[in-house]
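My questions concern the predicted model and sequence given below.
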Amino acid sequence: MGCKLSNEEIYLQYKDKVLGYIRNHVNSPEDAEDLCSDVFIKIYSKLDTFDETKASLSTWIYAMTSNTVIDFYRTNHVHSEIPEDLAEEGESLVEDEALNAESLEELAAALKKLPQEQMDIIVLRYYRGLTLQEVAEKMNLSYGVTKLRHREALGRLKDLLG
């Protein structure tokens, strides 16, 4: 457990990537800067919980960055109530893979092979726990398009994971 890099080394190595990711997902440059600071505060406070046997440092930082952006949207945007019976075929495949620590690297590699939009849909849906309606709103897509791309992404993941 823990990380071999110092806080300063982590900041220097990942600051531009973290800020770039956040700027791609948040319109306000001021909010992006604030969120970037929040990410590094979280990284430093949780660095002792990082386990390199479960994920690479970059994957762990990406997850923390993505969670911070999602939390920002959750606390700053109102979502309508959505029925919870929108479970999709293939959902268990992704959840089972995500819960299996040995498969995390394989799943991360498969996710990276998806087009960016499909990867974002899968990450928002399964790793952040959003409904497809919430994913559609967050990505500025119609529900129908989101549902179709979600199914395509699950099909590709299933093929990539064998």
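Looks like it arrived, so ask away.

Which helix or strand in the protein has the lowest average pLDDT?
helix 91-99 (a mean of 42; mean pLDDT, DSSP states H and E).

I'd like the next helix or strand past that helix.
The element immediately downstream of helix 91-99 (helix or strand, assigned by DSSP states H and E) is helix 104-112.

In the next helix or strand after that next one, which residues are buried?
Using DSSP H and E, the helix or strand that follows helix 104-112 in sequence is helix 116-122. Within helix 116-122, the residues that count as buried by 16 or more other Cβ atoms under 10 Å are Gln118, Met119, Asp120, Ile121, Ile122. The C-beta positions use only the backbone N, C-alpha and C, and glycine is treated the same way.

quick one: contacts for the residue nearest to His150 when sequence neighbours are not counted?
Closest residue to His150 apart from its sequence neighbours, by Cβ to Cβ, 6 or more residues apart in numbering: Ile121 at 5.3 Å. Contact partners of Ile121, counting by Cβ atoms under 8 Å, 6 or more residues apart in numbering, are Val135, Met139, Thr146, Arg149, His150, Ala153.

Please apply the same query to Pro29.
Under the criterion of Cβ under 8 Å, 6+ apart, the contact list for Pro29 reads Arg23.

out of the buried residues of helix 116-122, who's nearest Lys54?
Ile122 (18.8 Å; Cβ to Cβ).

Pick out the most distant pair among the contacts of Ile121.
Most distant of those, by Cβ to Cβ, are Met139 and Ala153, 12.4 Å apart.

which of those two has more neighbours?
Ala153 (23 against 16; other Cβ atoms under 10 Å).

Starting from Leu161, give me the distance back to the more buried one.
Counting by Cβ to Cβ, to the nearest Å, the gap from Ala153 to Leu161 is 12 Å.

Thanks a lot, catch you later.
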